[in-house]
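> 3D, please:
(chains A and B)
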Amino acid sequence: MNILLSLTDNLQTFWGYTGFANVETGHLIMILVGLLFIFLAIKFEFEPLLLIPIGFGILIGNIPFNEAANLKVGIYEEGSVLNILYQGVLQGWYPPLIFLGIGAMTDFSALIANPKLILIGAACQFGIFGAYIIALNSGFEPNQAGAIGIIGGADGPTAIFLSSKLAPNLMGAIAISAYSYMALVPIIQPPFMRLLTTKKERVIRMKVPRVVSQTEKILFPIVGLLLTAFIVPSGLPLLGMLFFGNMLKESGVTRRLAETARGPMIDIVTILLGLTVGASTQATTFLTGQSIKVFAIGALSFVIATIAGILFVKIFNLFLSKDNKINPLIGNAGVSAVPDSARISQVLGLEYDPSNYLLMHAMGPNVAGVIGSAVAAGIMLGFLY
Amino acid sequence: MIKLKRNILFVGAFLLLSLTACGGKIKNPQLVINEVMIVNESNYMDEFGQRNAWIEIYNNTAATKNVGGMFLTTDKNNPKMYAIPLGDVLTQIKPHQHRLFWADNEPFHGTFHTNFKIDPTRENYIALYDVDGKTLVDEITIPAGMEADRTYGYEIDGVKYDNSGNILAKVLDRATPSSNNQVVGENPKIVSLKETDQEGLMLTITSMLVVFVGLILLFLIFNTIGNTASNLSKKRKERKSDQKNVEISTDSSITGDEIAAISAALHELMDDQHDVESSVLTIQQIQRNYSPWSFKAQTLRRNPRR
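Below is the predicted model:
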């Protein structure tokens, strides 16, 4: 009889430690969200390199466990493995490393060949500040509103970097929101691109960009860094690493370093960043009314950025000669979801004129958007930190 | 050419404007003698239960600073009056934190008890010298006749000078040993934004302006570089064509399709020149690099020697 009682006791204790005993509705909802991310990544190939680690991270982060037992397994429990890996997000050193890799893999030739496309990247940053206004008027504090606004920059690392400084409690929601909408860019942008352009505008053929010399390519990261970082020094961790990565690529003498930065290094950091951001969505701390608001404002910020880019091109065209007109279908590419938003310009362009290839033109505003969002993040940090 | 000159002029004007902003602004010291109490009657007590004059040093940087080995003095002619002992971890001051020294002439009471006292009847000069005993880190002169339990220092921690370079030291409203002279509960930037820009419009306009200015400058610079590069390459081409007397067509009316067709034809032609390779099977030699981790001999036991 005693053996039976002891066995029951043991089993009861064990049951208290299982996920089944500690599960809450929030965990199940988040597990479903994680599964949806994995499904979207595999079925539709929406940013699989991000959505798979994040989606799986959500599953890991939402396995219920006995939090009172201090098992040091959860991401928010100091000293746990996940918590140690999460420090890269919290302290903001994963995003600059990702930017180093982005710099080493980005070819800025399209931008150098046609520098006026930089301005589209600037116009799209209105998405950030538009979302800031909306968030501020939705009851968020200015620093929280700034962190939410950066979702409109469509740049995951920048969003994580800024929110880790301005509103660490909202970082999970902001990061998930930014990456989700980046993956959903093919669904969000086209309706607005069609709505805001005429048939005539969609078939505008842009001048073939000139060939860019190696000297210009080498000068770009140097001038880019000096200029942008002098104006917004608070964006230095992102801008410095972005242009440094590009210097490694373009200098032509550091091939090994460039390959490491754009290959193994960015892959490792992406895995750690994606997984820990996903795991940070532990339902007990993540599923709040605020997170839902963040998602809603995040979606609006992408829409505002897209509209701002397209309208800017339309207005800009009024001042350009007939030969130099820009196809407004590349206006959306100023949203720095590289290279997805540029790819959308290409797909839509081909839909209306099968021989009008817009990809190389769209890459200009696309990479300008990366610089623009890093500058905007620096400004936000300067004003709100 | 006119456009190029205009761009250079614009960028030049901006750079000139930036250079004029480079003023000789006086910097606050990295370690500041932040607050001093001369007459301590009913204020802060040391670990021996005694009340004495105290000197608060503030780390004005974003890095940990070690004051171990530095010197505190009340005499300009004797900078090495009290050597702050080396080897005490507590002499490390964390970023924007404070450390308190007792001017009690009791150096054997511990690292933070100096070998001098302060005379409340006269003006007092206090200085902190670097480890070499020659480089002055910070100094402060406290006027004579300080009231009991009142302190002299800076209202905002570490802010010694105003924009015109005037020293801001004064008798403070309240004594705050080892803590901030001005208690800040909320981020002042956020407070001011909440008051002046509730809708967020001003911040939006300012920020967009900065983003545009930054990227317009980048545009102008690369426009200028691009124009210069294409002018140079044009000149180089002209020179080459003059030398060879061959005319190269730079007709921009060729469409993408035509270029693609020409490229495809050229590819075909070049491919035809290599008619053998496609039917030859090439076996590349695979080189296995030596690795001690997978070397079999390392895992096998050797036969015993007889």
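> top helix in the chain by residue count?
This is for chain A. In chain A, assigned by DSSP state H, the helix with the most residues is helix A:289-318.
> try again with chain B
Counting residues, the longest helix in chain B under DSSP H turns out to be helix B:201-244.
> got the residues of chain B near chain A?
Residues of chain B found near chain A (C-beta under 8 Å from any C-beta of the partner chain) are B:18, B:187, B:189-190, B:193-194, B:198-201, B:203-204, B:206-208, B:210-223, B:225-226, B:229-230, B:233, B:252, B:256-257. C-beta: built from backbone N, CA, C; applies to glycine.
> which strands and helices sit next to the longest helix of chain A?
When contacts are defined as 3 or more C-beta pairs under 8 Å, 6 or more residues apart in numbering or on different chains; DSSP states H and E, helix A:289-318 sits against helix A:118-123, helix A:126-137, helix A:142-149, helix A:171-183, helix A:185-196.
> Sketch out the helices for chain B, chain order is fine.
With helices called from DSSP H, chain B shows them at B:2-21, B:188-196, B:201-244, B:256-272, B:296-299.
> which one of those is the most hemmed in?
helix B:201-244 (a mean of 16; mean count of other C-beta atoms under 10 Å in any protein chain shown).
> And for residue A:339, the neighbour number?
Number of residues near residue A:339 (other C-beta atoms under 10 Å in any protein chain shown) recorded here: 16.
> For it, give its distance to residue A:360.
Applying C-beta to C-beta, to the nearest Å, the value for residue A:339 to residue A:360 is 11 Å.
> do residue A:29 as well
Distance of residue A:29 to residue A:360, computed by C-beta to C-beta: 43 Å.
> which of those two has more neighbours?
residue A:360 (18 against 14).
> My read is that the more buried one contacts residue A:114, right?
No. Between residue A:360 and residue A:114 there is no contact, the gap being 9.5 Å when judged by C-beta atoms under 8 Å.
> where do the contact lists of those two overlap?
The contact sets of residue A:360 and residue A:114 overlap at residue A:209 (C-beta atoms under 8 Å, 6 or more residues apart in numbering or on different chains).
> Please compute how far the longest helix of chain B lies from its chain's middle.
30 Å (C-alpha atoms, centre = their mean, to the nearest Å).
> same deal with stretch A:354-362?
For stretch A:354-362, the distance to the chain centre is 24 Å (C-alpha atoms, centre = their mean).
> Now do the buried residues in it.
For stretch A:354-362, the neighbour count (16 or more other C-beta atoms under 10 Å in any protein chain shown) marks A:356-362 as buried.
> now, which of those residues lie within helices?
Mapping the buried residues of stretch A:354-362 onto helices (DSSP H) picks out A:359-362.
> picking that back up, which of the buried residues of stretch A:354-362 are close to chain B?
Okay, of these touching chain B (C-beta under 8 Å from any C-beta), that's residue A:357.
> how about the buried residues of stretch A:354-362 in JSON lines, adding distance to residue A:315 and pLDDT?
Listed next are the buried residues of stretch A:354-362 as JSON lines, based on distance: C-beta to C-beta, whole Å; pLDDT from 0 to 100:
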{"residue": "A:356", "distance to residue A:315": "22", "pLDDT": "90"}
{"residue": "A:357", "distance to residue A:315": "25", "pLDDT": "89"}
{"residue": "A:358", "distance to residue A:315": "19", "pLDDT": "91"}
{"residue": "A:359", "distance to residue A:315": "24", "pLDDT": "88"}
{"residue": "A:360", "distance to residue A:315": "23", "pLDDT": "86"}
{"residue": "A:361", "distance to residue A:315": "18", "pLDDT": "90"}
{"residue": "A:362", "distance to residue A:315": "18", "pLDDT": "91"}
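> Brilliant, that's me finished.
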